[in-house]
Structures are given as C-alpha cells and as structure tokens.
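# Whatever this is, show me its structure:
(5 chains)
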Amino acid sequence: MERRQPPQTEEGWYVLHDFRSIDWDAWRDAPERRRERAIEEGMEYLTSCEHVDDADEGESATFAVLGHKADLLVLHLRPTLADIDTLERRFEHTALAEFTERTDSYLSVTEVSGYMSQDYFEEGETADTGIANYIESRLKPELPDSDFLCFYPMDKRRGPDHNWYELPFDERADYLSNHGEIGKDYAGRVTQIIAGSIGFDDFEWGITLFGDDPTDVKELLYEMRFDPSSSRFAEFGQFFSARRMDPTDLDAYLAG
Amino acid sequence: MERRQPPQTEEGWYVLHDFRSIDWDAWRDAPERRRERAIEEGMEYLTSCEHVDDADEGESATFAVLGHKADLLVLHLRPTLADIDTLERRFEHTALAEFTERTDSYLSVTEVSGYMSQDYFEEGETADTGIANYIESRLKPELPDSDFLCFYPMDKRRGPDHNWYELPFDERADYLSNHGEIGKDYAGRVTQIIAGSIGFDDFEWGITLFGDDPTDVKELLYEMRFDPSSSRFAEFGQFFSARRMDPTDLDAYLAG
Amino acid sequence: MERRQPPQTEEGWYVLHDFRSIDWDAWRDAPERRRERAIEEGMEYLTSCEHVDDADEGESATFAVLGHKADLLVLHLRPTLADIDTLERRFEHTALAEFTERTDSYLSVTEVSGYMSQDYFEEGETADTGIANYIESRLKPELPDSDFLCFYPMDKRRGPDHNWYELPFDERADYLSNHGEIGKDYAGRVTQIIAGSIGFDDFEWGITLFGDDPTDVKELLYEMRFDPSSSRFAEFGQFFSARRMDPTDLDAYLAG
Amino acid sequence: MERRQPPQTEEGWYVLHDFRSIDWDAWRDAPERRRERAIEEGMEYLTSCEHVDDADEGESATFAVLGHKADLLVLHLRPTLADIDTLERRFEHTALAEFTERTDSYLSVTEVSGYMSQDYFEEGETADTGIANYIESRLKPELPDSDFLCFYPMDKRRGPDHNWYELPFDERADYLSNHGEIGKDYAGRVTQIIAGSIGFDDFEWGITLFGDDPTDVKELLYEMRFDPSSSRFAEFGQFFSARRMDPTDLDAYLAG
Amino acid sequence: MERRQPPQTEEGWYVLHDFRSIDWDAWRDAPERRRERAIEEGMEYLTSCEHVDDADEGESATFAVLGHKADLLVLHLRPTLADIDTLERRFEHTALAEFTERTDSYLSVTEVSGYMSQDYFEEGETADTGIANYIESRLKPELPDSDFLCFYPMDKRRGPDHNWYELPFDERADYLSNHGEIGKDYAGRVTQIIAGSIGFDDFEWGITLFGDDPTDVKELLYEMRFDPSSSRFAEFGQFFSARRMDPTDLDAYLAG
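So this is what the prediction gives:
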C-alpha cells in the first residue's frame, strides 16, 4: 500500500493542562499563618500566570475540577516549551504547592491543519486576511470567560476495519469538514481549542471545550458521536470537567 | 456514510456519586473527642445534604459501600454544577473528612431522550400532562428509600461490527423500547436513575439502580444482558454495591 | 434480533472474598503487647466468623494467600448483605486490622441456574428431593476442609464473533452440560462454589475452587480451557491462590 | 464444536518469583547498626534458601533487577506450596525486609506436557531412562549460574481468529515441536524453565530464561516471535530483566 | 504456516531511561545544608555519568521532563548491563536521591538489523567502511545536544488482520525502507536512537528522538503515522517529552 498524504500543519502555542489535587488533610491541620501564606502565594502565582508576566504572549486560566480526579486545573498556553517548563516548576515553589499533588497533566501544542485551510498552506503568508486571522485565533487562542471547561485527549483509530491513517486525504478532509459543521451550530455557546500531541503525550490530540452551560458541551459532543469521523474513528481518553475560577477566589475555594 | 440523527435530550439535575473510604487506622487511633466531633460534623453534613438546605431543590442520600472499593457513597443531585462543586468541597471541611479519602467519583446529569418521548420533544411544553410528569420524574427524580443500590457507568459500543452510533434512529429507538420493557416487569421492585455523562466523565452514562432485594437488581441486569441492546452494544465499567444508610446511623457505622 | 431467553436463577448466600495484606513493617516494629492483642482479637474474630456466631446460618473460612496480591483471605457466606457488611466492618475494629490493609475484594451470591436444573425451576418446591438437596448444597454450600483454594472472577464473552448472550438457550445449556462433565472427573478431588455477581461486582461470576492437591485444580482448569464454553466464551480476571489456615494458627502465621 | 483433547501434564516443583524493591530512603537514613543487621539477616536468609536448608530438595537464587519495577528477585523452587508459603513469609521476618517492599510476584509449577513426551505419558514409569531423565530435569531443574535472567508470564490466545484451545492436538504438538527447534540452536547459551500457572496466577505460563549474554536471550526471543506458535498465539505480560547475584554480595549491592 | 525469516541483528550499548520525580514537598522543607549537599552530589553524579568516568565508553545525558509523569530523565548508554546496573544504584547513594522517586524506566539495547544492512550482515567485518561507520554510529551513538527529547516504547502488531511477524522478509524490509525515507527529510533536524527490548522490557523497541524544535519531532511522527509500517503495524506505549539540561544547571532547576 502507498503511504497516505499527511496534512500540512502549523503549530502555535504549547499547552499544558496541569491537574492538581488538594491535600485536604494537610490543609485542615495547617496553622492559620501557613494557610494564609499558601493562599497569598497561590493567588500571586495564578494571577501572574493569567497576566502572562513571564512571557511576551500566551494565556493562562484557573479551574476547579469536579470529582476525585483532581481539584485544580491550571491551564497554560505559551510560545515555548521552556516557558511551560518554568511555569510548571514555579508552582512547586509556592507555599500553595505544599497542599497539592500533581495527579495528571497533558502536553500539546495548538495546531491548524491543511484539511481545513488548504489554501492557506498553499499560498502561505499571502493568503487573505480573513483566513490568516482565523488561523492566528486558533494558534494563539484567547481563552473565553466561560464557566465550564471539558478536557479530553483522543486518538484517531488505526484498526483493521477503520483506519484513519489509511484513508485518502480528500476523504479525511470531507470527514473533518462535516464534523466541523456541527460545531458551527454551537457558535457563541461552545468554544474549542484543538491541540496536537503526537510525540508530546500519550494521545494524538487534546481537546478543550468551553461553554457557560455544561449541557451545551454535552449535547455538542453527543451530536458529534453520531458523526462518522467520531463514530468510526475516535478513541477517547479520560474526560475532565471543571469550573472557571478567579485566582482571587482561591481563599473562598479553600475555605469550602 | 451519512451522519446518523442524534436523539434530542433534555437534562435535569447534575449528579455526583462521591465515593469515600474510611481510614480505619486513623479512626482507631483517634481520641474519643476527635471521633465524636467527626461523627457530629459528619451527621450534620449528611443530614443537611439530605434536607437540601443548600439549594432550592435536589436530593442527597448516604450509602455504605460493600468491599474494598470504598466505604461511603454520598449521592448528590442538584440543579447546578456549582451546587455539586460546593457540596463536594464542603465535605472536606468537616471533621469526618479527616478520616476519609476520595477513592472514586462519577459526574453526570439526569437525562431524558427523544427515543422514548418523541412526542414530548416535538410538541414541547404543550405535551400532555402524563408525559410531562413522567419526564419531570426522570429529570428531577425522588430517591427511593430502598435498601440496596447498584451503580455502574456504561458506553454504547462503537466497534467495527456493532456500532450503536451508526444505527438508524428508528432501530436505536426500537432497541431501547424493547430494553425498557424488561424494566417494567420489575416495577415496584427496582427503580433506576439514568444520567448522561458525555463530556462530563469517562463513560457515556451512569446508571443507578435501587431495590430492597439485591437479587432483584441482579436478575434484572442478567435478563437485560440477553437483550440485544446490551448483548451487542453495552460496555460496562466498574460495579459498585451499597446499602442505604441513615446519616444518624453514622456513629453505629463507625463503631462497627 | 430477538432477545434470547435468560435462564431462571435462584440465589442463596451472599459471598464476600475479603483480601488483606499484612503491614509487615508495622508488625515487626510493634511492641509485644500490641502484637499479642492483635493475635488475640484476630483469632477471636476469625473463630467467631467460622462459628457463624453472628447469624443463623452461613460459613466463613480463613486462608493464607500466596504472592504479593494479599496475605490473608477471609471468605464469608451469609444469608443477607447486612450480615456481610457487618462482618467486613467488624474486622476493622479488631487490633489485627491495624496491621492489615484491604487490597482486594469480591462480592457475589451463590447461584443455581435453570440451565442445569430446568425441572426444578419448572416444578418448584415439588421437585424431587435429590435435586432439591443438590440445589440446597449449591446455594448454602458447606466449605470443604481442603488445603488449597483458587479464586477468580469471570465473564462470558459478548464479542462480535462469539457472543454468549446471543446463543439460543438450548445451545448454552448444552455447552454448560458438557462443561460440567469435566468437573465430574474430579469429584472428591476438587470442589467448587459458583456465585453470580452481575450488578454486584466487576465480573459476572466469581468461581472458588477447593482441593487438597493444587495440581488437581490446575489440571481441571487446563482441561476446561479446551472446552468450547471456555475456549470461546470465557474472559478471566485475576487468579488468587491461597492455603487454608486455622484461625488458631494466626500466631504461627504472623511469627513466620 | 467438540472439546479438544488437552495434553497430559506432569508437575514438579512449585515456583515463586518474589520481586522486592529497596526502600533506598530508609536505607540511607538507617543507622549503621541497623544496616549491618539487615545485611547479615538478609545474607543468612538468602544463603539458607540457596542451600535449601528448609526442605529435602529444591532450588533458590538471588538476582538484582534492572529498572524501576523491582530491585531484588528471589526465585524459589520447592516441592510443596507450604514450602513456598513459608519462604515468602520468612523473608518478612528478616531485618532486611524492613528495607524492602513486595512489588510483584508470580506463582507457578514446573510442567512437562504430553505434546513433547507423548511416549512417556503413555508408558509411564517404564519409559526409557533418557526421556525420564530429561523430564526429571524439567520438573526439578537445576538453576544455571548464568549472569542474566529474563522472566515473563504468557497466555495462548483464545481470539475469534486464532484460538489455541480450538486447534486439534496434533496441530498444537507440531507448533510446539517447531517452536522447540529454535531453542536447540541456543543450547549451551540459553536455558529455560517452563512453569504452568493456570489456576495459580494471572497468566497461563511463567517463562524464565537464563544466559550469560543478554543478547542471546533477546535474539532467541526475537527469532521465536516469527514462529507461528508465538506470532499467532502468544500474549505476553510484563518482562523482567535481572542479573544473578551472590547472597554474599548483598552488602556490596546495598552499598552501591 | 512456515516460520518467517527473522532479521539478523547486531547489538551495541545497553540503554537505560531512568525517570525520576522530585519530591517537592521534601525539597521545600529541607534545610539549606541538605539541599546544598543534594545539589552538589547530584551534579557530581550526573557530570560523572556524562563524562563516562565509570566505563571505557558510553554516553549519558540529563533531561527535565514535562508534565506529571516525571521530573528528571537520566539517559545512560553503556557497553554492559553491569555498567547500567551500577549507574542505576549509584544514583540511590547520592544525597539527591533523597528527593527523588523512580516513576518509570525502560531497558533496551541499541540495535541494527539486517533489514537495512543486508550486505553488512552477509559480508561481516569485510563490508565497506561507509556502512561499517554507519552501523557503528547506530550501535554506539553520540548523543546530540538537541534541546528536545521524545521517548516512547513500541511493538509491531500481531493481530489477526495485520501481523508483522507473519509478513515475508522482503515485505518487511520494503516497509522499513520506505519508513526510513521519511526520516531523511528531517536530517539535521531530528536524530533518533533505535534500541531493541525484546526480552528486556515490556515492549519490543524503545525509540528516542532528539531535535531542537519540538514541532519537527511532532511533524516527523505525524508523517510516519500515515506510513503503512506505522498505520498498520505500530502499537505505541506512553510518550515522554523532556528538555536537555546541563548537570550544572541542577541548582537552577531545583530553585524553580
């Protein structure tokens, strides 16, 4: 068999989903002074990340995770892996870190592929401004203020019957174009960040969805599950649900 | 292939299954005074949850879990994720939390789908009262007083041979209608709460069954396993077995 | 496809396999007095369980587990889940529990199915005494004194090629009848307890085999693996090997 | 389908692979006196095992495990499970055990099957001495002094397409006979112990290979992977690599 | 079926990927003096490894790992397993080890196979110098100074539909030859070390990629995924991402 044509891709910011659980036992036992310092340094760290004090550009946001998988999610987007590495380690040097443990993480990089924007990749910089702006918005996305976040990693299937990587390019492009149509019905209600992670982490992509109403996200994903690009080709990892949190609410969060 | 028609869905209360294990070593070692405070604050928390003091509506109940997976299950149903988030964290601020660890959890939302109630979804609010009441009872279910609870998450298969998400709508509706017939034979003996979790947690649904006689639940599920909607399309996660527990029996529970 | 006919089943005693590991570090460090109390209370608990002091009927037995999965297995059979729940928690209140951790468990209920005893299920109580006694012995089994125990949970396959739950009733009955023939060759050497766990734990059945010579158990299971009901339809979980232990030998066991 | 004919088997010594990791933090912190005692008691235990002081016959050997899965492997072969059980627990009562944790284990029994030695099984004790000696050497193997050990558990596949347990006896015998040919090319360089574990542990067999040059073991296994009995029918568990260690080198080992 | 012809292989240096996580809680709590000693001994150890003070030849390098899977990766290549074993244990005797835990590891050996260099294997030592040098560079690779490292283990599939080990030799050689073409397009940007691990660790190969721009590695692997040798035959384990770190930067690394 011939090797299938891969899509061209362009990468933007590196993305780290940094999941932490609170050691509530330690928190309850800690003297007031240590708690105050933890809150203060935690707020400083999170606020500084959200202000992107550490780099020329990027985005960060804080979330409260539902369920036992984690308590906090700090989401970082930055131009270099060095930026990401530094942010991850800086957390460990705050007094808040004493009360947290890393329970999970996901490393990826924002990605635009030639399936969607064949013209852009062919014409390069001279492509029209509308497309260029669109692509810029996907490579360097502004995080929405939505209340709800859903994150999951995913692969495309390489099974004997359905093998994404053995489909002709045009067929894949069609699948993804149809798939993209679903998202348009949710415009204004659900926003997504698609980041590639081949060579970076255990799955091929990390998908982050944002919406004010969690059931909009649920309905979008349910509808997508009936789309052949998902029903035949998607393999999902764990799903994480979280609520946006202002760093200044850290004390309220920790106070219960 | 064409994208299959997804069912319409309506969502009700968010559901958290919050599984905790008791740290029996810490419990045995604790001085009487700390134990008493743990029981007192634990009872207060659980009772307050069951009274729904924290929200306008919802339900909560407490269960003793069999086996090593957990010891306690606190089940919460509430109108918003914020409610759920607050309840989960409030537990951590009770003196009882010192003696527990979160071992598992499941996040979902009660769901009614257009497979069962096509008319309702087509006619909306003007549907007849019987159906409306039925749907209300599934979206905002009253927890039964049954002694036994069984919880498990599940997916519908997306394999190359049997792929639920590539079946025509009517075929899926038939499967589910036949499937539902089995449950009717157990009316009055087994009650269920069906909650969707696509985009919320690792499986697509979380099923909670209630019954006074555990063997009724076993026989219902065994019978269902021979139904094509299960035999061909169901993928199950872990199963949890638990017994209903009155919050005021917490001291007896912890005393052995 | 039509729904296949499920077998009728009758359930007897609930079964808990309660696996514990010894915290040998804590044991070595403990002062003599605490060790003695742990042995004393452990013996009392185990002996009392084996005497079924807590219920009108049932069986319990103690085993030393080989390998790293666990050190002790306490096997309980009782008429109600409440009995099982109480026994599980009572262990935690012995001084022995300080030196153990729950590493695994399995919850099931003894089961007889209509595959084997169609007549019994059709004629009910009026069936002949031989069959009734046989069924009674499977629902309320007497634990043999054998030296060796093997426990494993199992499922019947629901794959696209071989799907147990889509076979006609008679075909399943034939498979199981032939399967049962193998066991008869081992009569007097290997005894089994079959317990159903659909809705109770992660697999569909829990199988416990007893024999004085472990190689009899191995040969029986090897032979069964060539039987179509296993070769095509069985999915196995973990296997546990253990040796029967008299509660009064607990001190010798812990002394090495 | 007819039940396929199982091979006759004969079992010899029980085998325990007892994997332990060193708690290096505790080791570094321990006062000299405790370290000395740990080394002394560890050496005594290991030497005594290797001398088979505890039983009439058997073999034991000590290995240093590469990588994070474990640090020590103590391999025991003994005539009874009681012997194995005692050795496993005796380790816990040495001062060395304070610095180790059980991370894994595997229980099996040396096995000769009728595939290879049909004559032996048919003629029993009267078989010719050559075969009898050969079988004795596999049931009660002498551990070679080789530097390198490789251990892995394995199953034979029971898939819908390739199902070992549904092949006719002669076909299986042919597969295994051809498979065995490969090993002969490595005679003098690689030695193996084949032990059955159906009913004893999570896989069907445990394979232990010995050789002075690790690449001989690698090349043998690579070559075997192209043999149909492996390419079609083998399912492997984890692989462990270890180096033979004299018990008297325990102090050098622990000193780094 | 006939046994397929295995490729000849030649092995070079043994490879250990030694993954460690930092215990940041312990680090923050440690007095300055202990931290200084940890940094000093850590630097000494890592520098000495990189200088290959312990052996006649080999390579070592240090990396900072992104995400929660680990914090440090120490990569060792040495002529013997004894060298590797010693290095692994020597780490445990540094004061730095007190602040680390082994979270993962991978053991393999650099490998050249007859697929690529049939001539070399046929003519042996007398092969032309160009090939001999090429092979030497793969068996005893010089670690590049690149900023980014990607490591993952992999298997070739042995499924019923696509079974690498049942392909004729020439077909496999063609697959790999085409596969290798992709890498050539990335010459100068991405370097790789291919090491075999059959009989040594849980997968068949360990692949380590190096590049200054992480997106080059991502694009190479994405392109390869469309190549039949990957799309049909590759099964991947976990992926690890890391950044090269000079041992003398250990204090900066630990200081955040």
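
# For chain D, what is the nearest residue in chain A?
A:Pro160 (10.3 Å; CB to the nearest CB). Every residue, glycine included, has its C-beta placed from N, CA and C.

# What about that residue? Give its phi and psi, please.
phi -70, psi -30 (degrees, to the nearest 10).

# next one: A:Thr215
Residue torsions, per degrees, to the nearest 10, at A:Thr215 are phi -70, psi -20.

# For it, grab the count of nearby residues.
When neighbours are defined as other CB atoms under 10 Å in any protein chain shown, A:Thr215 has 22 of them.

# dump the residue contacts of A:Asp71.
A:Arg20, A:Ser21, A:Ile22, A:Ala64, A:Val65, A:Thr100 (CB atoms under 8 Å, 6 or more residues apart in numbering or on different chains).

# Per-residue pLDDT of A:Gln118, please?
If you check A:Gln118, the pLDDT there is 67.

# what does A:Gly124 give?
Taking A:Gly124 on its own, its pLDDT is 59.

# sorry, back to before: assign a three-state SS to the residue lying closest to the residue of chain A closest to chain D once chain neighbours are set aside, would you?
Using CB to CB, 6 or more residues apart in numbering or on different chains and skipping residues adjacent in sequence, the residue nearest A:Pro160 is E:Asp161, 3.4 Å away. Recorded secondary structure, E:Asp161: coil (DSSP: H, G, I helix; E, B strand; the rest coil).

# send the alpha carbons of the longest helix anywhere in chain A over as PDB?
In chain A, with assignment by DSSP state H, the single longest helix is helix A:32-50. C-alpha atoms of helix A:32-50 as PDB (Å, rounded to 0.1, in the frame of the first residue of the first chain):
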ATOM      1  CA  GLU A  32      -3.600  29.800  60.000                       C
ATOM      2  CA  ARG A  33      -0.300  31.500  59.200                       C
ATOM      3  CA  ARG A  34       0.700  28.800  56.800                       C
ATOM      4  CA  ARG A  35      -2.700  28.700  55.200                       C
ATOM      5  CA  GLU A  36      -2.600  32.500  54.600                       C
ATOM      6  CA  ARG A  37       0.800  32.300  53.000                       C
ATOM      7  CA  ALA A  38      -0.300  29.400  50.800                       C
ATOM      8  CA  ILE A  39      -3.300  31.500  49.700                       C
ATOM      9  CA  GLU A  40      -1.200  34.600  49.100                       C
ATOM     10  CA  GLU A  41       1.500  32.800  47.100                       C
ATOM     11  CA  GLY A  42      -1.100  30.700  45.200                       C
ATOM     12  CA  MET A  43      -3.000  33.800  44.200                       C
ATOM     13  CA  GLU A  44       0.200  35.600  43.200                       C
ATOM     14  CA  TYR A  45       1.300  32.700  41.100                       C
ATOM     15  CA  LEU A  46      -2.100  32.200  39.400                       C
ATOM     16  CA  THR A  47      -2.600  35.900  38.900                       C
ATOM     17  CA  SER A  48       0.800  36.300  37.500                       C
ATOM     18  CA  CYS A  49       0.300  33.400  35.100                       C
ATOM     19  CA  GLU A  50      -3.000  34.900  33.900                       C
END
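
# Okay, and the beta partners of A:Thr62?
Under the criterion DSSP bridges, A:Thr62 forms beta bridges with A:Val74, A:Met245.

# Please report the number of neighbouring residues for it.
24.

# got the contact list for it?
By CB under 8 Å, 6+ apart, the contact list for A:Thr62 reads A:Leu46, A:Cys49, A:Glu50, A:Leu72, A:Leu73, A:Val74, A:Leu75, A:Arg244, A:Met245, A:Asp246, A:Pro247, A:Leu250.

# Mind checking which of the residues you listed are buried?
By neighbour count, with 16 or more other CB atoms under 10 Å in any protein chain shown, the contacts of A:Thr62 hold A:Leu46, A:Cys49, A:Glu50, A:Leu72, A:Leu73, A:Val74, A:Leu75, A:Arg244, A:Met245, A:Pro247, A:Leu250 as buried.

# okay, the residues you listed in JSON lines with pLDDT and distance to A:Lys140 next?
Converted to JSON lines, these look like this (pLDDT from 0 to 100; distance: CB to CB, whole Å):
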{"residue": "A:Leu46", "pLDDT": "98", "distance to A:Lys140": "21"}
{"residue": "A:Cys49", "pLDDT": "98", "distance to A:Lys140": "16"}
{"residue": "A:Glu50", "pLDDT": "98", "distance to A:Lys140": "16"}
{"residue": "A:Leu72", "pLDDT": "98", "distance to A:Lys140": "24"}
{"residue": "A:Leu73", "pLDDT": "98", "distance to A:Lys140": "20"}
{"residue": "A:Val74", "pLDDT": "98", "distance to A:Lys140": "19"}
{"residue": "A:Leu75", "pLDDT": "98", "distance to A:Lys140": "14"}
{"residue": "A:Arg244", "pLDDT": "98", "distance to A:Lys140": "20"}
{"residue": "A:Met245", "pLDDT": "98", "distance to A:Lys140": "23"}
{"residue": "A:Pro247", "pLDDT": "98", "distance to A:Lys140": "22"}
{"residue": "A:Leu250", "pLDDT": "97", "distance to A:Lys140": "27"}
